[in-house]
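Trainee: Here's my sequence, what's the structure:
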Amino acid sequence: MKRFTLLLPIAALVLVGACADTPSAPQSFDRPQLDESPPPPPRLDGATGFVNFVPDGFSGDAVGAAVPEDCEVPILAFPVEGTYFQNKPATHAYAHISPVGGSGNGIIKETQTKDDASGKLEFEGAVIRLIEWRPARPGGELLNEAKRSGGGAFGELDAEITACGSTNSVTGTFFYRWGPSID
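Mentor: Residues are numbered from 1 along each chain as shown. The predicted structure follows:
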């Protein structure tokens, strides 16, 4: 009993210390202040454009024609729609595109160090894999800070078109408009 009487005050102190309203965890580190600058501008929906691919070595005038049964890749020309975005310090811009009357998604992207295209579009029975974007203006078309709220871009677009099991490299043109300049 003597041992119990001795342990009782120690247990009571431990219980009081555990239930106290003081934090027992170590002090947390100071968190840095959040950036209070305004958020980046929103992406612009309703952008429109046009893509025109001419397979290497192709001659003819079958604009927008379906893939023929003999597996020759036609000229593919089609409208696109999508969104445009440029970040606030103008270091990154992109256009997301989808073919009107087709399916799939593509991205035309520009940074301060690289221009790029990626994605897969399907139109009139052909699968188009986007490979490279070369803007007409050195330094970029999408990344022009003056065009953030509205403008246009033009350049060359390299792709591979697969139709009927045959794949061909193509170079085409790409034109894209966004913002209030769209009629």
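Trainee: Just confirm I10 is within a helix.
Mentor: Yes. Counting by DSSP: H, G, I helix; E, B strand; the rest coil, I10 is found in a helix.
Trainee: Can you name the next helix or strand after the lowest-mean-pLDDT helix or strand in the chain?
Mentor: Sorting the helices and strands of the chain by mean pLDDT, DSSP states H and E puts helix 2-19 at the bottom, at a mean of 63. Toward the C-terminus, helix 2-19 is succeeded by strand 44-55 as the next helix or strand (DSSP states H and E).
Trainee: Return the list of strands paired to that following strand, each annotated with direction.
Mentor: Taking DSSP bridges as the criterion, strand 44-55 forms sheet pairs with strand 76-86 (antiparallel), strand 166-178 (antiparallel).
Trainee: Report the buried residues of the first one.
Mentor: When burial is assessed from 16 or more other CB atoms under 10 Å, strand 76-86 yields the following buried residues: L76, A77, F78, V80, G82, T83, Y84, F85, Q86. C-beta here means a position set from N, CA and C on the backbone, and glycine is covered the same way.
Trainee: The last one now?
Mentor: Using 16+ other CB under 10 Å as the burial criterion, the residues of strand 166-178 that qualify are N168, V170, G172, F174, F175, Y176, R177, W178.
Trainee: could you dump it to PDB, C-alpha only?
Mentor: Extracted C-alpha coordinates of strand 166-178, given in PDB (Å, rounded to 0.1, in the frame of the first residue of the first chain):
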ATOM      1  CA  SER A 166       0.600   4.000 -93.700                       C
ATOM      2  CA  THR A 167       2.500   6.800 -91.900                       C
ATOM      3  CA  ASN A 168       3.800   9.900 -93.700                       C
ATOM      4  CA  SER A 169       5.700  12.900 -92.500                       C
ATOM      5  CA  VAL A 170       4.100  16.200 -93.300                       C
ATOM      6  CA  THR A 171       4.800  19.900 -92.900                       C
ATOM      7  CA  GLY A 172       1.800  22.200 -92.600                       C
ATOM      8  CA  THR A 173       0.700  25.700 -91.700                       C
ATOM      9  CA  PHE A 174      -1.000  26.700 -88.500                       C
ATOM     10  CA  PHE A 175      -3.000  29.900 -88.000                       C
ATOM     11  CA  TYR A 176      -4.700  30.700 -84.600                       C
ATOM     12  CA  ARG A 177      -6.600  33.700 -83.200                       C
ATOM     13  CA  TRP A 178      -7.700  34.500 -79.700                       C
END
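Trainee: If anything else comes up later, I'll come back, but that's it for now.
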